[in-house]
Structure formats: structure tokens, C-alpha cells
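Colleague: Quick one: sequence and predicted model below, then my questions.
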Amino acid sequence: MRVKRIKAAGIIFCISILFLCDCGIQSPSSVDKIHIGVAYYNQSDTFLNELVDCFKEQINELKDDGSSVTMTLRAASGSQRTQDDQVKELIDAGCNVLCVNLVDRTDPSEIIDLARENNVPVIFFNREPVTEDMMQWENLYYVGADAKQSGVMQGELATEAIHANHWIDRNKDGKIQYVVLEGEPGHQDTIIRTENAVDTLKNNGIELEKLSCGIANWNRAQAQNRMVQIINQYQNKIELVLANNDDMALGALDAYKKLNFTETDFPVFFGIDGTNAGLEAVLDKKLSGTVYNDKEGQAAAMAKLAVEVVSKDGTKTDALDNDKYIYLPYSKVTTDNVNNFLNEPDASSD
Ligand code: BGC
Ligand code: CA
């Protein structure tokens, strides 16, 4: 009996020791368990879907390296109200860092309040909140790209093409008749890309005549519809289409095909992003050029930052501007170098 009691006490003692040890081991690593909640504005956005795919790859690599990372993804169908609810659910479900692609980049207050109350850092991406909102709390970050650079590069690509191919000025009046297709009106990339592409062409001595400008909200089908109207008005007078993204450049091309124009009456088209479809179209010489929006780089920067803000050792990447911002550079893409981008190596493998 006595022996049994001693044995039982011994077992309890061992279990307690094990339990204590286990707690001791678990506490630092539990801090490093990363539950990332990703919320993005619309599941039908081509670039965002490709960027989110890159982010998933990054997460899988972290898992392969032995990190404890989970990710939950929500898309908001273009409604800020829906996104606010989704962010609340993600926090309630235990996410300890959020990556948020706002629906309305001027309306992040509810998300910021929720995150601050629950002490969950937020990495905004692609749709940049205004500076005052970014200053609301120290644990707010932004990962994206410099809109101005993409506009300048698109203008440079168009300039180079016009200089090298005199046929682009089809009516030989010394001016380039052009149309702009724009993304969503309030988006940081819309106004800045348009302005800088046009200014760059002018600064390079290209004489321009603006025929029309259409808003197509980054969307290929909307761009096609808008472009059909514009073509009906201007027929074969359009020599250049500057689109704020590849999907809209491809939508403009779709419009010419739908209206059965012969290729000799097509303008030249320039996009931005280097989506899979955009790069294929550059390879096939359907688009004259695009500007690569480095989704691999952005996804890698977001994943790295997410890990850093959750681990409490306080080290942060040197890449942060003003302790908050990471802007990845764009690159120009033409038929000459498109293969480098089509075979884009996984950003995290270097
Ligand atoms: C991309 C667009 C995309 C938009 C969404 C832009 O940076 O170029 O293709 O639709 O972001 O926010
Ligand atoms: Ca002309």
C-alpha cells in the first residue's frame, strides 16, 4: 500500500515537472505562433489574386522552414462594411497580425480602432492609407510600390516606342492621339500613374493630343465597354492607349477585336503590372510594354514583416522607411526582356 502511494506521488511529481517544463518551453514559442489574417478588397482583381498567391507561397515556405504560421484569407467584394466585419472575425478568431488591402483607402478607422484595442499590428498593402491614418498608431505598416515610378516608366516605354516606330503616328500629323484608361478614382495609383506617364511623354518632346479618358476601375470588361464607346466616337484616330493596369490595356485590345478592326488600325497599348496575361500579351506583341509591379517582392516583404511584428524581440527589417513603409521598385518590360519576368524566380528562393 505504502509502496503504491509512493509510486503514485512519484508519478504526480514527474507529471508536474513535465508540465512545468512544457510550460517553460511553450511560453516563448507561443509568442512566435503567427496567425495571419489577410483581408483584400475584391476577389475579382487580377493583380491582387496573383499577389495573394505569391503571399501563400511565402507562408508555405515559412512552414517548410519549421515556423508555426497559419493564414486565413477573406475577400470583401468591394464593400468596406464587409471588410470591417471580416477583420473583426479575423481578430476574434485569434489572428495576431493582419495584412489588409483596404476597400476604401480613406476609411481605415474602424479597422485601426479594432486592431489597436486588441493590440494586433496591421500591415496595409497595395491600397495606401493617407498619412494621417498611418500615424494613428505605431503598429501600422504599409507595403506597396511607388506609383510615380510606374507612371514615369510607362511614359518612358511609350516614348521609346514612338521614337523607334514612326508608323505609330498613323495620320503623320506629328502628334500622338491618345486615350487613357484609368483605375478607381480614389486610388493612389490612378491619378499619379496617369499624370506621370503623360508628363514623361511631354518632357521627352512627344507632342500629344488627348482624345478621351475613361474610368474602368482596373477591370478588363469595363475597359472593353468604355473603349468600344470611345472607338465608336474616334474610329481609327486613336494611336496610343495608356492604361493604368494590364487588365484595362487588354480590355482595350478586346474592344478592337470585338469591333473587328484590322490590326493595322490598332493603336499601341501600354499597361502596368506584368500580370500573367499582361506578360503573355507582351510576349505575343499584343501589348507594346508593361511595367512590372513586383508582387513577389511585395509578398516577401509582407511575410517577413508579419513575422517580425509578431516576434517580440523587436528587430525590424532595415527596409522600413519612417519605421512604417516599404516600397518595392517597378521595372520596365518589353518583348526584349519579357522572358525574365515570365520565368520570374520565386522571390524567396534567393
Ligand atoms: C494594380 C491594379 C490593381 C489595383 C488594386 C494596382 O496597384 O496595378 O492592377 O487592380 O492595384 O488595388
Ligand atoms: Ca498622329
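Modeller: Yes, it's here. Ligands and ions are numbered 1, 2, ... in the order given.
Colleague: From here on, just use CA atoms for contacts and neighbour counts.
Modeller: Noted.
Colleague: Would you tell me which residues of the stretch 151-300 of the chain are close to ligand 1?
Modeller: Taking C-alpha under 6 Å from any ligand atom as the test, the list of the stretch 151-300 of the chain residues beside ligand 1 reads 218, 245, 273.
Colleague: Just the helices from this protein, written as ranges.
Modeller: Secondary structure of the chain, counting by DSSP state H: helices at 2-31, 46-64, 80-92, 109-117, 131-134, 147-164, 188-203, 220-234, 246-258, 276-283, 295-310, 338-342.
Colleague: What's the local residue count around residue 329?
Modeller: For residue 329, the tally of surrounding residues (other C-alpha atoms under 10 Å) stands at 16.
Colleague: so what's the spatially closest residue to it that is not a sequence neighbour up against?
Modeller: In space, not counting the residues next to it along the chain, residue 329 is nearest to residue 145; the distance is 6.1 Å by C-alpha to C-alpha, 6 or more residues apart in numbering. Contacts for residue 145 (C-alpha atoms under 8 Å, 6 or more residues apart in numbering) come out as 126, 293, 294, 326, 327, 328, 329, 330.
Colleague: again, 10 Å this time
Modeller: Counting by C-alpha atoms under 10 Å, 6 or more residues apart in numbering, residue 145 touches 125-128, 189, 293-295, 297-298, 325-330.
Colleague: Turn the residues of the stretch 151-300 of the chain next to ligand 1 into CSV, including neighbour count.
Modeller: CSV is the format used below for those (neighbours: other C-alpha atoms under 10 Å):
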residue, neighbour count
218, 24
245, 29
273, 25
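Colleague: Show me what from the stretch 51-200 of the chain comes close to ligand 2.
Modeller: For the stretch 51-200 of the chain, the residues in contact with ligand 2 under the definition C-alpha under 5 Å from the ion are 169, 171, 173, 175, 176.
Colleague: Could you check how far the closest residue to the second one other than its chain neighbours is from ligand 1?
Modeller: Ranked by C-alpha to C-alpha, 6+ apart and with sequence neighbours excluded, the top spatial neighbour of residue 171 is residue 237, at 7.8 Å. In this structure, residue 237 and ligand 1 are 27 Å apart, going by C-alpha to the nearest ligand atom, to the nearest Å.
Colleague: centroid residue for the chain?
Modeller: Closest residue to the average C-alpha location of the chain: residue 126 at 4.4 Å, with C-alpha atoms, centre = their mean.
Colleague: Am I right that it is in contact with residue 102?
Modeller: Yes: between residue 126 and residue 102 there is a contact at 8.4 Å, judged by C-alpha atoms under 10 Å.
Colleague: which neighbours do the two share?
Modeller: Between them, residue 126 and residue 102 share these contacting residues under C-alpha under 10 Å, 6+ apart: residue 40.
Colleague: does residue 143 have beta-bridge partners, and which?
Modeller: On the basis of DSSP bridges, residue 143 takes part in beta bridges with residue 125, residue 326.
Colleague: Quick check: pLDDT value at it.
Modeller: Residue 143 carries a pLDDT value of 98.
Colleague: residue contacts, it?
Modeller: Applying C-alpha under 10 Å, 6+ apart, the residues contacting residue 143 are 99, 101, 123-128, 297-299, 301-302, 305, 320, 324-328.
Colleague: Next one: the residue nearest to residue 193 when sequence neighbours are not counted from residue 294, what distance?
Modeller: Ranked by C-alpha to C-alpha, 6+ apart and with sequence neighbours excluded, the top spatial neighbour of residue 193 is residue 151, at 3.9 Å. With the distance defined as C-alpha to C-alpha, to the nearest Å, residue 151 ends up 15 Å from residue 294.
Colleague: same thing with residue 219?
Modeller: Distance of residue 219 to residue 294, computed by C-alpha to C-alpha: 19 Å.
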